[in-house]
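Undergrad: Sequence plus predicted model, see below.
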Amino acid sequence: MVWQQIYNPVGNMVLSTLLAALPVVVMLVGLGFLHLKAHIAAGAGLVCALLIAIVVYGMPADMAGRAAVFGGLTGLLPIGWIVLNIIFLHQLTEQNGSFKILQDSIAGITEDRRIQLLLIAFAFGAFFEGAAGFGTPVAVTAAILIGLGFSPLAASGLSLIANTAPVAFGALGTPVITLAKVHGYDVMEVTAMVGRQLPFFSVLVPFWLIWAFAGRKAMMEIWPAILVTGLSFAIPQYLVSNFIGPELVDIIAAIVSMGCLIGFLRLWQPKNIWRSTSLKGRDTSEDTTAKPRAIVAHARADVIRAWTPWAILTVFVFIWGLPSVKAALNGLFAPSFPMSGLHNMIEKVPPVVPQPTKEGAVYVLNLLSATGTGILMSAIVGGLVMKYSPLGLIKQFFKTIWLVRFSLLTIVLMLALGTLTRYSGTDTTLGLAFANTGVFYPFFGTMMGWLGVALTGSDTASNVLFGGMQKVAAEQLGLSPNLMGAANSSGGVMGKMIDAQSIVVASTATRWFNHEGDILRYVFFHSVALATLVGIFVTLQAYVYPFTLMVVK
């Protein structure tokens with residue numbers, strides 16, 4: 001029997017919204033204020049979500065349980081699979097000493113920690129976002145930063161802040177392509193609109209990143225390098241999104257940005273070298289007056305060997321992200337399992353959708369085409385290049401599973417929570433609260449996208465969740481549907497740094513276990529502030545600068 005979602009179950013929209021928010025509040029309060037371990041906080045949030053879905057929203061109990069199981073499976077593959085294998089690769093490079101050589105080689109480009117952040121967290125991370133997405137960039141950059149000596153809070157929090165502006169075009173444009181496909185937007189028009197919103201923030205975020213790390217004065221000391229990094233990313237981001245398409249936006253922009261920054265450093269170096277690896281004013285884990293250390297010169301062959309595993313990773317992740325490769329691998333093995341008792345058994349209803357629409361629930365075991373498998377293959381090849389024996393690789397892999405066991409459990413529980421809120425309709429109740437804001441809708445519609453990513457951990461999922469609502473609300477208010485569809489994705493990118501699974505990925509990559517609450521408290525302000533700025537920018541587009549809405553032919 002089909003169950004129809006209810007979005008105002010208690011007959012009072014304010015009270016319904018408060019009840020819908022309760023599971024997320026329980027989890028975030030547990031993490032951020034009660035200092036619970038992440039898997040315990042996530043478990044508490046899941047139990048609360050089950051109670052709200054069953055008791056308040058009237059969702060059948062077995063259906064609620066199946067939705068949670070479906071989400072947990074999604075947590076294992078693809079997210080948990082990525083985390084496990086990137087930590088496996090990092091373990092291999094650390095155990096054989098090549099990571100120390102890599103650290104010295106980066107210091108050879110610049111010893112300044114601020115510029116290392118620009119190069120690794122922003123530009124290099126953007127490449128991995130464009131190629132793979134779904135947690136890969138945070139896992140890679142946080143692991144590299146901790147290996148370079150950054151404090152755990154700095155490596156975790158700054159990787160999350162940096163992984164914002166590229167997210168809308170992550171995984172070869174998947175969020176925007178999905179938005180257009182699912183909700184009937186013109187893919188080029190909505191891509192172009194996102195490409196007129198995010199370039200401003202692609203310039204702003206590198207400044208914000210260094211300010212968050214070292215303070216305003218230290219940021220201004222290297223403003224030329226920051227400007228080069230941001231502009232060389234933002235300009236290709238605009239051009240590719242407006243005149244080519246969504247697939248290669250991040251990859252092209254990231255390569256240009258890395259090349260321009262490295263080239264600029266041949267002509268310019270900061271007067272004062274910033275050597276502290278801790279967050280100024282927030283992190284006392286080390287002496288912030290670190291003395292200069294001698295740069296160890298290594299033979300070119302050793303440096304090449306140290307970078308080889310990461311070069312192999314880059315190649316494998318890029319290849320695994322190509323649609324033709326994914327299709328070929330899925331053709332070999334990608335069995336689908338419709339979730340009995342859940343698939344097509346739930347209906348979304350107006351005003352969220354124009355007419356009642358059934359929700360699918362099919363778990364695809366796309367193990368071969370999953371990004372995590374590409375990372376695993378790169379780790380195996382890299383491990384063999386590093387002269388590990390097959391038996392040594394197997395032993396290290398199982399050690400890594402034990403190392404990240406609680407992180408994997410946390411990801412499973414958090415994805416179970418997020419999926420349950422989707423199928424029960426509680427997240428839609430929250431979205432409707434934003435949609436009923438009239439003339440302020442451009443701002444609050446953008447914040448709806450932020451909320452969607454904060455809840456689901458995915459800009460793609462947020463676009464699926466709220467993209468249709470954005471279109472309906474925009475047409476009713478006389479706004480551009482493309483503007484608000486793009487705003488959902490652009491606003492969503494700022495929610496990426498506070499979504500629970502990203503925080504767990506960061507804490508796992510830095511091995512700062514059970515400190516997810518510290519990371520959340522640190523990045524929360526940055527997330528809200530940047531999302532607010534995106535909302536203001538979209539509002540200006542809607543009412544003050546409507547020429548930015550013109551379609552480029």
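TA: Right, received. Where do you want to start?

Undergrad: pLDDT weak spots in the stretch 51-200 of the chain?
TA: Along the stretch 51-200 of the chain, no part satisfies pLDDT under 70.

Undergrad: and Leu540, how many neighbours does it have?
TA: 14 (other Cβ atoms under 10 Å). Where you see a C-beta, it was placed from the backbone N, CA and C, and this is true even at glycine.

Undergrad: which residues touch it?
TA: By Cβ atoms under 8 Å, 6 or more residues apart in numbering, no residues touch Leu540.

Undergrad: repeat that with 10 Å
TA: Counting by Cβ atoms under 10 Å, 6 or more residues apart in numbering, Leu540 touches 442-443, 546, 548.

Undergrad: do the same with Leu89
TA: Neighbouring residues of Leu89 by Cβ under 10 Å, 6+ apart: 139-140, 143, 309-310, 312-313, 375-376, 378-380, 382-383, 396, 400.

Undergrad: Gln237 sits in which helix or strand?
TA: helix 223-243 (DSSP states H and E).

Undergrad: Distance from that helix to the middle of the chain?
TA: Computed by Cα atoms, centre = their mean, to the nearest Å, the chain-centroid distance of helix 223-243 equals 20 Å.

Undergrad: Now do that helix: which elements does it pack against?
TA: Judged by 3 or more Cβ pairs under 10 Å, 6 or more residues apart in numbering; DSSP states H and E, helix 223-243 is in contact with helix 113-117, helix 170-183, helix 187-214, helix 249-265.

Undergrad: could you check the angle helix 249-265 makes with the third one?
TA: Between the axis of helix 187-214 and that of helix 249-265 there is an angle of 40 degrees, by axes from the mean of the first three to the mean of the last three Cα atoms, to 10 degrees.

Undergrad: Which positions within helix 187-214 qualify as buried?
TA: 187-214 (16 or more other Cβ atoms under 10 Å).

Undergrad: next one: the second one
TA: Within helix 170-183, the residues that qualify as buried by neighbour count (16+ other Cβ under 10 Å) are 170-180, 183.

Undergrad: what bits of the chain have low per-residue confidence?
TA: 283-295, 547, 550-553.

Undergrad: now for it, which residue lies nearest the mean position of the chain?
TA: Lys496 (4.6 Å; Cα atoms, centre = their mean).

Undergrad: contacting residues around that residue?
TA: Per Cβ under 10 Å, 6+ apart, neighbours of Lys496: 129, 133, 135, 137-138, 160-161, 163-164, 166-168, 170, 450, 453-454, 457-459, 462, 502, 523, 527.

Undergrad: One more: Pro351?
TA: So Pro351 contacts 7, 428, 432, 435-436, 468-469, 472-473, 476 (Cβ under 10 Å, 6+ apart).

Undergrad: And what about it, helix, strand or coil?
TA: Here Pro351 is recorded as coil under DSSP: H, G, I helix; E, B strand; the rest coil.

Undergrad: which SS class is Tyr363?
TA: Classification of Tyr363 by three-state DSSP places it in strand.

Undergrad: re the thing from before, mind picking the two most distant members of the buried residues of helix 170-183?
TA: Leu172 and His183 (19.3 Å; Cβ to Cβ).

Undergrad: Would you agree Glu347 falls within a strand?
TA: Yes: counting by three-state DSSP, Glu347 is found in a strand.
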